Structure formats: C-alpha cells, structure tokens
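Enquirer: here's my sequence, what's the structure:
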Amino acid sequence: MATYLARAGKRILRSPIRHGHGKISASSAVTVALCAAAAALCAGGVGAAGSGCRKHVATITKYGAVGDGKTLNTAAFAKAVADLSKRARDGGAALVVPRGRWLTGPFNLTSHFTLYLDEGAEILASQNMKDWPLIEPLPSYGRGRDEPGPRYSNFIAGSNLTDVIITGKNGTINGQGQVWWDKYHAKELKYTRGYLLELLYSDSIIISNVTFVDSPSWNLHPTYCTNVTISGVTILAPVHSPNTDGIDPDSSSHVKIEDCYIVSGDDCIAVKSGWDQYGIKFNKPSEHIVIQRLTCVSPTSAMIALGSEMSGGIRDVRAVDNTAIDTESAVRVKSGVGRGGFVKDIFVRGLSLHTMKWVFWMTGNYGQHADNSSDPRALPEVTGINYRDVFAENVTMAGRMEGIPNDPYTGICMSNVTAKLAPDAKELQWNCTDVKGTASDVSPPPCAELGAKGKPCAFPEEELVIGPPELPKCSYDRPPKEVM
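Expert: Numbering: from 1, shown residues only. From the prediction side, this is the model:
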C-alpha cells in the first residue's frame, strides 16, 4: 500500500496542475491524491472469498507471459482469455496478473470473467502502432472521432459481454500515451486513437480498485452498456494531454461512478450519446446515471460534461457530493446546432469547488461535426437542469450561460449557491444569453435571465439502484491451482 501511495503522489507532482486563474499547490494535490487512493484501497475490501469470486483461476505466466517490461505478451494475453473463456460458464474465470511490468498489444475480454491486477502489477500498452489493428467506427459516430474512416483498436476491449470485472489491489493499466499525443499534435495520425478500455453492448460490468494511466485518448468508454459500476478507480494523465477524458458513459444506462479520483487533460467525466446525424439515427440515450464522491483535477475542462456528443439524448443524471480542484468548470452542458437530441432531468446536489474559471457553464455553439457539416434543423432540447447546495472558492466568473438563438436552454434551477471570488475575478460575474431559469439564495446574484424567484431545486427522492449491493470481495493472493 505504501508503495502505491508513493507512486500516486509522484505522478501528481509531475503533473503541471496550474491555470491562469489560480493554482493548487503540489502538496495539496498530493494530499488529495493520497487520501483518495487510501480510501479506494480500504473500501475495496479485497480479502476473503465471497460472492462474485471465480471458480477457475490462472496467472498470466501460465500462458508464457514475461513481466520484464520488454517482452511483448500479446499472444499470451490472447491465449489466456481464449482458454479461460471455455471454462467461464462453469462458475466464472479469473486471469491474475501478478507483480511485474507486462507489455502487450490490445486484447479482448470475455464473459463471466475477472481481470485481476495484483499489487505492483502494471499492464503496459505497446507503443508500436503496428500492434494496434484498425477497427470499424462506432455506429453512433459514423467515423473516427479524431479522423474520418476507421479507428485504431482499443487497448482492452469486449463486445456483447456479461458479468465482467476488472479489479485487484490497485494495479495499473498504463496506456503509455506520449507517443500518441506527440503524433496527434504533429498531425501525423491518419486514424483515430484508441481508448484505454472500451466495452460495447455489454451488461453487468464492475471496474474497481485499479489505476489507469496515460491513455492515448479517452480512458474508460462503456458504450451501449447497462448496469455498469465504476468504483474506487484512479485515472491519471498530464493535464495538457489531448482528449484524455476520464470516464465517458456513451449511450449507456444504469451507470454508477463513485469514489474515483481523476486528473485529466480533458473532462474528468463526459456523458455522451452519439454524434450528430449518426447519433440521432442510432437513437440510444445515456440515462439513469449516478456520479458521486468524485474528485477531479482538470484545469482546461469540466468536472462533469454533458455532451458534446449527445445526439441520442441524455437524461436522469444525478451528481452528488462531488469535488473539483483547479478545474475549468463544474457540470457543463455542451451542445449546438446540428446535434439534435436532448439533455434533460439533470440533478446536481453538493458541489465543493476550489479554484474554478467558471462555476456554471453551458455552451450552445459547440462545433466539431461528424462530416464537417450539420443539419441546421437538428436542434437540441436542453431543459430541467438543477443545481443545489454548491460552494465554490477562488472563482474567476460565476456563470457563462449560452443557449441557442430561437432554441433557449430552459428550466434551469439554482439554489443555495455561494461562489467566493478570486482576487483577479472578472467584474462581470454572469454572462447569459438564450437561457431561462430560476434562482434561490444564489451569490453573487445571477443574471436577469436566471433571476426569477425560485425555491430549492428538485432532486429525486427515490434512490436509483445500480449494480450489486456491494462489490465482490475476492482475493487471488495465493498462487492459483492450474486450470484443468
């Protein structure tokens, strides 16, 4: 545990977590990181066997893998998953990755399966792009997100799976993304970068007590999935790395994200549902999502973004007791003409914000279209956005609220909001166009468009139950018996 906490602290110290409107000290960032990591370790409960444990267990070394950080183990991972998948229906199967540095190209998971990273285990993504085959774009996007056409495969992937667990003793999955970031900035990539983990059309997913580091692009991308639990996960990337979103639920339902610590070069969490006409046609919303006890550091992006790819719709998102430090904005709506879809029934309660450019930010002119054009008739519906119990300090500007001409964002509610201003705060604290809403006990006082007298904002009384009552508590510490 001490080794892991030291490593986490060193990673944060190396991250240039500064912003023009203020900064969080390195020592404060380390304190937050270590507290979050310790909480994740203690909450993980990896101990005696319990429900969710697998009958068939094997270590990656059984399949010829070498954990020296140099030997390419792609064939060993593929062989291991293929072998264990034959036994997984009979009580499930687990692949244990022990201490060591295990270099591999992309590989797939299987159903009724646990990928278990022991303490000190690190799975390293190959930096040779020849190891990353091309795959088809997502149907709700129509093309790669960075470039037209196909995309590079994702590092860890799976499709049409059920009952998948990625867990352990805070082992690390390292995307080694620097080579991808350099080529992206130099415009040397012909295809879209792969994500660190992408699961498609899958159900009953648990990701817990694992650290994800330096993804080539987005980190965790559950897409067209249901019943997803992401708990006690740490995600780290340099704060100026391109598009390294932390967790992006995409056209997925019943998703719970809790007790995670994310340092990102983009949005810590971005809820998505497809891109322009492709997302409209695919027509699968992201809905019934809980985000709680998140800690986010992202100086150039949002703690939680809704969009911008939201053409299939986003509804019933509940964000509770979340913290942002040195982050551009809190819960941001991103959309624009051509997106279509909707963002509605969003409930935010309990935000603790420290050094922010904006507390509230809504965007109605977000660009980036799938075919470099969009249907001007495809207007998004944004309504029913509720913020309550918000405390912010060292704030540059309270609100930048921009809807769409002739398509205003409506039903915005703010209550019990305090934003304490930074020494260099802007004189104009609210800039509002094409928005309508109410406010109650908001300081500094909001713009006229949001100034109608309101009451405490709504929050659903009924709990949204997602995933198992508790995470599986399984230990694979002892060398497993060989799978027969």
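
Enquirer: in contact with the closest residue to residue 90 other than its chain neighbours, which residues?
Expert: Spatial nearest neighbour of residue 90, chain neighbours left out: residue 55 (6.4 Å); criterion: CB to CB, 6 or more residues apart in numbering. Glycine gets a C-beta too; all of them are placed from N, C-alpha and C. By CB atoms under 8 Å, 6 or more residues apart in numbering, the contact set of residue 55 is 87, 90-93.

Enquirer: so which of these is the most crowded?
Expert: Most neighbours among the contacts of residue 55, by other CB atoms under 10 Å: residue 93, with 25 neighbours.

Enquirer: for residue 84, see how far away that one is.
Expert: For residue 93, the distance to residue 84 (CB to CB, to the nearest Å) stands at 4 Å.

Enquirer: hey, what's in contact with both of these two?
Expert: Joint contacts of residue 93 and residue 84 (CB under 8 Å, 6+ apart) are 56, 58, 110, 113, 483.

Enquirer: who wins on neighbours among these?
Expert: Ranking these using other CB under 10 Å puts residue 113 first, with 24 neighbours.

Enquirer: do I have it right that that residue meets residue 81?
Expert: Yes - if you go by CB atoms under 8 Å, residue 113 and residue 81 touch, sitting 7.5 Å apart.

Enquirer: list residues touching both of those two?
Expert: residue 95.

Enquirer: which one of the contacts of residue 55 is nearest to residue 240?
Expert: The nearest member of those to residue 240, counting by CB to CB, is residue 93 at 40.1 Å.

Enquirer: what sits against the closest one?
Expert: Applying CB under 8 Å, 6+ apart, the residues near residue 93 are 54-58, 84-85, 87, 110, 112-114, 483.

Enquirer: and it, what pLDDT?
Expert: Looking at residue 93, its pLDDT reads 97.

Enquirer: please report how far it lies from residue 225.
Expert: According to CB to CB, residue 93 stands 21 Å off from residue 225.

Enquirer: that older thread, format the contacts of residue 55 as TSV; extra columns: secondary structure and distance to residue 71.
Expert: Shown next, in TSV, are the contacts of residue 55 (DSSP: H, G, I helix; E, B strand; the rest coil; distance: CB to CB, whole Å):
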residue	secondary structure	distance to residue 71
87	coil	26
90	coil	32
91	coil	31
92	coil	29
93	strand	24
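
Enquirer: which residues of the chain fall in helices?
Expert: 2-14, 26-44, 74-85, 178-185, 276-282 (DSSP state H).

Enquirer: quick check, central residue of the protein?
Expert: residue 247 (0.9 Å; CA atoms, centre = their mean).

Enquirer: that one and residue 272 touch, don't they?
Expert: No - at 10.7 Å, residue 247 and residue 272 do not qualify as touching, with contact defined as CB under 8 Å.

Enquirer: nearest to residue 378, of the shared contacts of residue 93 and residue 84?
Expert: Proximity of the shared contacts of residue 93 and residue 84 to residue 378 (CB to CB) peaks at residue 110, which lies at 38.5 Å.

Enquirer: how many residues are close by the nearest residue to the closest one once chain neighbours are set aside?
Expert: Nearest residue to residue 110, sequence neighbours excluded (CB to CB, 6+ apart): residue 85, at 3.8 Å. Applying other CB under 10 Å, we find 16 residues neighbouring residue 85.

Enquirer: my guess is residue 85 meets residue 95, correct?
Expert: No - counting by CB under 8 Å, residue 95 is not a contact partner of residue 85; they are 10.2 Å apart.

Enquirer: joint contacts of those two?
Expert: residue 113.
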